[in-house]
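Engineer: From the sequence below, what's the structure:
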Amino acid sequence: MIKKLISLVLLGASLTAAANDASLTLEPRSEWPIVHRQGDQLFEGDKTFRFLGLCSSTLNTTKEQILPDWSNRWPDEFEIRSILDGLSRVGARATRVGIGLTIASPLDPKAHNHIQARRTYNEDAFRAMDRAIALAHEYDVRIIFPLIASQSFTNTRGVDEFAALSGKPMGSFWTDAEVKADFKHLIHYLLNRRNTVNGLLYKDDPAILAWQLGNEFASYYGDRKLDPAVYRPQILAWSAEMAAYIKSLDSQHLVMEAGGADPQALLADPNIDIMSTHLYEYWNKLAGQPYDLAPIARHEQSLYKGKKPLIVDEFGLASHDNIEQLMETIRAEGITGGLLWGIRGHRRHGGWYYHNEGGTPVNSYHVPGFAAGYAYEETRTLDLLRAQAYAIRGEPVPSVKKPTGVPVLFAHNNGFIWRGTMGATHYDMQRREKGKSWQLVATGLQDSVIADVKSHEAAGISEPSVLWYDEYRQSGKVYEYRVRGINTAGTTPWSASLQSPAAGIR
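Structural biologist: I've put the predicted structure just below:
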C-alpha cells in the first residue's frame, strides 16, 4: 500500500508538471540580437561574444535513468530550468544541446524519438525542444544545435539509423540522393518550426547560436575502422551541400562544421562560419596521443586565426590542472569559446540525473558541486569554470545567488527523496509530531548521490536513490517532515509537509 501511495504521489507530480508545460507561454527576450560573425570573431550586436560553459546533453532528451514507461524521456519545465539555471550560475552564456536528434531504431524497441519514421517527427519531442529554446531567453544562454550523431549510441542513434528509415544500407547517408533529400526535409521542418512556447520560428530565434552539421563525423569511419580516404571526401561533399541548404533557408544563423573532412576545405566553405574541435585527456591517452590539451588548442587556433572562429565545443575527462591550462589558453589565444562535458540537472522525481563518462571517475557535473563528486573534483572544477567564464566575458565574478524554488518532498523506499532547488548546496530537514513544534532533525543533507552510478547503469535501474532515512523515529508515532534548500546566500522556503506512515522505517 505504501509503495502504491508513493507511486501516486510521483505520478501526480508528473501530471502536474505536464499540465504546467502544456500551458507554458513566454515572451521572447527583447533586444537580444542573433549572434553573427565578423572574420574570426562572433558578435552580439556590436559586442564580442565569447564564452566558457558546459555541454548539456539532456536539455532536450533524457538518455539515462529513463523510467520503465518512458514518461520522463522528454524534460519538463522543471528539469530544463534546472540545467539552464546551473549554466547561468557558473556564468555560461552558451551550451551545446545533445549530440543530435534521436532516431528510431529496432535496436531500441521501446524508445521514444524525435524522428519516429521516415519524414515523421514526434511532436512531444519537439515541444520539449520548444521549452528549452524559449526558456534559454530567460537565462541568457545561447544554444549550439548539432543535427545528427555519427555514432550509434543507445537511445540516440545516428546517420546509419537515419538511412535505414529509408531502407538504405550503412554508409549511404553521405551519398544517397533519397537519404539526403530526407535529411533536407528534416532541416526544413526544424528551421521552419514555430515554437509553441514563444511563437518564434526556429530560424528567427536568437537563442540559437549555431546549427552544427552533426557530432564528430570523423568518428564515423574511425569507430567502424573504415577507410578515411573513402569517407572524408564524401563527408566533405555532404557538409558543403547541407551547409548551403541551411543558409538557403536561414541566412541569419551561424553554421558550424562537425569534422570528418579536410579542415582547410571546411574552412574555405563560404557557408560554414565556425570551426570546432573536441579535446579529451582520457580518450587521447587511450589512443596513445598527446593529452596536454592546451598545446593542441593553441595549434588548432593557429590554423584558423584571422579566418574563422574556433569553438572547443567539447572538452574534459581530464585532470584539474589540464582543464585549467586549457581554459587559460582559450582565453589568451582568442578562441571564441569552450564547453566542458557535461552538465546534468535535477530529476523531477527527486535527486539528479547522472552518467558515468567512459569508465572515468567523472559522473557528470551537478551545479554547484557536491561531495559525491569528490573523485573528479566537481566543486573545485565548477568554481574554476565560473571564474574563467566571467573572465572571458571581461566581467567580475558576481556574488552567489540564493537557491531558487521550493523543494518537493517524497517518501521513497522507507526513506525520503526530494525534488531539489537550483543552487542549493545542502538541505535541512525538520520533523514534528502532529500538533507539536517543528524540530531540526538533520542538516547538511545533499541530494547528489552518485556513488552507485555504475551499478545502477549496469542493472538498468531508473529510480533515484534514497537521500535520507529517519534513524530515530519511534515506531507507532506519526510524524510530519519538511525540507528546505540552503547555500551561502540564503535559504528557500520550507517544502510542503509530508506525513510519514506510522510503521517503523526499517
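
Engineer: mind listing the helices for the stretch 101-250 of the chain?
Structural biologist: All helices of the stretch 101-250 of the chain, identified by DSSP state H, counting those that start in this stretch, fall at 123-139, 159-164, 177-191, 218-224, 228-249.

Engineer: I meant the stretch 251-400 of the chain, not that one.
Structural biologist: Using DSSP H, counting those that start in this stretch, helices in the stretch 251-400 of the chain cover 263-268, 281-286, 293-304, 320-332, 378-393.

Engineer: Put together CSV for the helices of the stretch 101-250 of the chain, with mean pLDDT, distance to V400 and mean neighbour count on each row.
Structural biologist: C-beta here means a position set from N, CA and C on the backbone, and glycine is covered the same way. Listed next are those as CSV, based on pLDDT from 0 to 100; distance: least, CB to CB, whole Å; neighbours: other CB atoms under 10 Å:
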stretch, mean pLDDT, distance to V400, mean neighbour count
helix 123-139, 98, 16, 22
helix 159-164, 98, 43, 24
helix 177-191, 98, 37, 16
helix 218-224, 97, 39, 18
helix 228-249, 98, 40, 18
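
Engineer: now for those helices, which one comes closest to P270?
Structural biologist: Nearest of those to P270, taken as CB to CB: helix 228-249 at 8.6 Å.

Engineer: elements contacting the closest one?
Structural biologist: Helices and strands touching helix 228-249, as assessed by 3 or more CB pairs under 8 Å, 6 or more residues apart in numbering; DSSP states H and E, comprise helix 177-191, helix 218-224, strand 254-256, helix 263-268.

Engineer: Ok, which of the ones you listed comes nearest A318?
Structural biologist: helix 218-224 (19.1 Å).

Engineer: So what's the residue count around G39?
Structural biologist: 11 (other CB atoms under 10 Å).

Engineer: no no, T329
Structural biologist: Using other CB under 10 Å, T329 has 19 other residues around it.

Engineer: Nearest to S56, out of the helices of the stretch 251-400 of the chain?
Structural biologist: Comparing these by CB to CB, helix 378-393 comes nearest, at 13.6 Å.

Engineer: quick one, domains of the protein?
Structural biologist: Per automatic domain parsing, the structural domains of the chain span 2-393, 408-500.

Engineer: Let me know which of these is tucked in deepest.
Structural biologist: domain 2-393 (a mean of 19; mean count of other CB atoms under 10 Å).

Engineer: Off-centre distance for it?
Structural biologist: Here the centre of domain 2-393 is set off from its chain's centre by 7 Å, with CA atoms, centre = their mean, to the nearest Å.

Engineer: Without its sequence neighbours, what residue ends up closest to the residue nearest in space to the middle of the chain?
Structural biologist: The centre of the chain sits closest to S56, judged by CA atoms, centre = their mean, with a distance of 1.6 Å. Leaving aside its chain neighbours, S56 sits nearest to T95 (4.6 Å; criterion: CB to CB, 6 or more residues apart in numbering).

Engineer: pretty sure that neighbour is in a strand, no?
Structural biologist: Yes - per DSSP: H, G, I helix; E, B strand; the rest coil, T95 lies within a strand segment.
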